[in-house]
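Asks: I'd like to go over a predicted model; first the sequence, then the structure.
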Amino acid sequence: MKVAISTTGEGLESPFDSRFGRTAAFCLVDRASGEWTRHENPAQAAAGGAGVEAARFVVGLGAGAVISGAYGPHAFATLAAAGVEMYLAPADPDLTVAGALALLQEGSLRRAEAATHAGHHGSAS
Amino acid sequence: MIDETRCTRCGRCAEVCEYHALAVVGLRVLVFPALCHGCGSCLRVCPEGAISERQHGIGRLSTGVTAGGCRLSQGLMHVGEPMATPIVRALKRWPPAFAPAVPGIDCTLEIRDAPPGASCPVVETMRGADYLLLVTEPTPFGLHDLRQVVPIATELGIPAGVVINREGIGDAAVAAYCEEAGLPVLMRIPMERRFAEAIAAGRTLVEAAPEYGPAFRELLATIRATVAPAAPVALAAAGGGGR
């Protein structure tokens, strides 16, 4: 299974980004082989509905699970509809992508069972 | 609304939607009404004609007449709705502007009150106005909002003037900015406890301080002289800082 991990940087040693919809990028890691690729998040500067667009994007990447810090109502609904598992990692500035993945592998990440916050409806509306 | 029997999950609706109000994931089509701006693009691109629109109430418009005989309309959003702009737009068209409420009352002036700042509802309130009256205060907060909203007025081609409220607090930076930007300061209202007390009790400034009556008449005359004479005037009032 492939896991998409939100990140501000370029690879496994880059910082984990606790934002989902407006994260800079996703690091897509194959849990079995450890191979990874980096994908710029097209929703980062979306006028609205960033959570929906980011969710569609990771579904399109073939991710079966996501690690991020929070999921809004629209992101949650979209990822849940696609059957993607949503894991929550802490917003810790010292946490790296590899660190977040290690937490998942050892089974210490909690799954989001519902949206973690209300919508932002920020920039444009 | 999506007709699930016609929909082939091709995903074109989700691709065309600028606001991500639709998502097609696997065999499911998700619709998020709160994100929809009602542009209708999804209806046009759907090759199966599977999408139809339905009314989605986001608020309520109401109208009445004030004790002073002015017609007043307001829009109230439903709790939890994120988009105020459609309500502002509807309010501008409804009820008919300049309709006389009471005989003998001047019905050639429409005043639109905008929220503070420079967000979309502010811009929508300003759009189409003949003049923009910026009510600000001489503080860094007032200056911050003023700096954001003045370029928008310039871009929309709306002449603007400033009222400095609560003068005596803060600093001189707002006045300096107005001079630099060529914005006339049309009125200054000092910070006085009796004004604050009156407004907190639901009274107007002129009720509390009748000596301001002529100053407001003069303010209106100055604005009318700036825009096309004798024409109906739509005046947008936007504020900054704590009003």
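Replies: Structure's in. What do you need?

Asks: what's the burial count for the residue of chain B found nearest chain A?
Replies: Minimum separation of chain B from chain A (CB to the nearest CB) falls at residue B:20, amounting to 2.7 Å. Every residue, glycine included, has its C-beta placed from N, CA and C. Using other CB atoms under 10 Å in any protein chain shown, residue B:20 has 25 neighbouring residues.

Asks: residue ranges for the helices of chain A, please.
Replies: A:50-60, A:73-81, A:97-105 (DSSP state H).

Asks: tell me which residues in the last one are buried?
Replies: Pointing back at helix A:97-105 there. Going by neighbour count (16 or more other CB atoms under 10 Å in any protein chain shown), the buried part of helix A:97-105 is A:97-101, A:103-104.

Asks: thinking again about what came up before, my guess is the residue of chain B closest to chain A contacts residue A:55, does it?
Replies: No - Residue B:20 lies out of contact with residue A:55 (CB atoms under 8 Å); the separation is 9.1 Å.

Asks: got a list of what the residue in chain A that chain B sits nearest to touches?
Replies: Distances between chain A and chain B by CB to the nearest CB are smallest at residue A:49, namely 2.7 Å. Residue A:49 is in contact with A:43, A:74, B:17, B:19-21, B:32, B:35, counting by CB atoms under 8 Å, 6 or more residues apart in numbering or on different chains.

Asks: do you know how far it is from residue B:175?
Replies: Note on residue A:49: its distance to residue B:175, by CB to CB, to the nearest Å, is 42 Å.

Asks: Residue B:182 too?
Replies: Between residue B:182 and residue B:175 the distance is 13 Å, computed by CB to CB.

Asks: Can you report phi and psi for residue 114?
Replies: Just going to use chain A. phi -160, psi 170 (degrees, to the nearest 10).

Asks: please go with chain B instead
Replies: The phi/psi pair for residue B:114 (degrees, to the nearest 10) reads phi -100, psi 150.

Asks: Give the burial count for it, as a bare number.
Replies: For residue B:114, using other CB under 10 Å, the count is 24.

Asks: My guess is it contacts residue B:236. True?
Replies: Yes - proximity of residue B:114 to residue B:236 meets the contact threshold set by CB under 8 Å, at 5.7 Å.

Asks: follow-up on the earlier one: chain B next: which of the buried residues of helix A:97-105 are close?
Replies: Contacts with chain B within those, counted by CB under 8 Å from any CB of the partner chain: none were found.

Asks: so which of those residues comes closest to residue A:84?
Replies: Residue A:84 lies nearest to residue A:104 out of the buried residues of helix A:97-105, by CB to CB, at 13.6 Å.
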